[in-house]
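With the sequence up front, the predicted model follows.
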Amino acid sequence: MSTNDLTAPVDPPTDRAASLPRPAGSASLAGGERGITPRRVAVSLLVVLAIGLSVYYLGPARDTVSATSISMPAERGLPPRVGAPAPDFEATTVDGKRVHLTELRGHPVWINFWASWCPPCRAEAPEIEMVWREQRASGLVLLGISQAEDAAAVQSYAATAGLTFDLIADRDQAIGARYRVNGLPTHYFIDGEGIVQAIDAGGLTKAAMLRRLSALTPGH
């Protein structure tokens, strides 16, 4: 090695970290880098909540909505259940027609327990009427059994809403108690042999109504 090699100036060490390019939009600590603040956390939580609510309300359609609670007189005996005979009853519709459930054998029967003061009942009423008009030629019997109101109230609401199926005013809730109705609306779907095939508490979509009725038809 020559003397010149030993006395040649040496370049200072290179600061590699300083020489690397910074990501776009980044700032040095000296420049006041922004960190996580309570305000930014709050905004993020609100965004997550908004997304969750949109998924709940705008997501896949649900078959039922919540029922309105209602108190019922005490009733003895076993409650009705799917696969068992529907409890028998006799009643008179608001327009004077006598109805005896056992005399409806051979027909699919849809019982809708409802009331004109019940919001989910009022919400589903137009679709019930629509399905009734589409299906009545098949022999379907639809009984709308109103709870805790008289015939005049039922007739008044039916005229306003344009309901044409049979309506019964169960003012003392005797039929409702026999069917253990704890919320309105409640739906019972009964086949031509008088056997309960489905029970639904809460308002139904049209698709759910049609699905229940198709299961009462022979061959489905």
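Nice, I can see it.

Please enumerate the helices of this protein.
3-7, 16-19, 38-58, 119-135, 151-161, 174-178, 206-216 (DSSP state H).

least reliable of those helices going by mean pLDDT?
Mean pLDDT is lowest for helix 16-19 out of the helices of the chain, coming in at a mean of 39.

which residue packs closest to Leu101, ignoring adjacent ones?
Asp88 (5.0 Å; CB to CB, 6 or more residues apart in numbering). (Each C-beta comes from the backbone N, C-alpha and C, glycine too.)

Now do the one you found against Val99, distance only.
11 Å (CB to CB, to the nearest Å).

neighbour count winner among the two?
Val99 (17 against 11; other CB atoms under 10 Å).

Which strand residues bridge the more buried one?
Counting by DSSP bridges, Val99 forms beta bridges with Ala91.

OK, contacts around it?
Listed by CB atoms under 8 Å, 6 or more residues apart in numbering, the contact set of Val99 reads 90-93, 143, 166, 168.

Of those, keep whichever come out buried.
91, 93, 143, 166, 168 (16 or more other CB atoms under 10 Å).

right, and the third one touches Ile168 too?
Yes. Contact criterion CB atoms under 8 Å: Leu143 and Ile168 qualify, at 6.2 Å.

Count the residues that sit near Leu204.
23.

can you tell me which residues contact Glu90?
Per CB under 8 Å, 6+ apart, neighbours of Glu90: 98-101.

cutoff 6 Å now
Residues in contact with Glu90, defined by CB atoms under 6 Å, 6 or more residues apart in numbering, are His100.

Out of the buried ones among the contacts of Val99, which is nearest to Arg105?
Leu143 (14.4 Å; CB to CB).

what bridges to the closest one?
Ile111, Asp166.

Hmm, it is touching Phe165, no?
No. Between Leu143 and Phe165 there is no contact, the gap being 7.5 Å when judged by CB atoms under 6 Å.
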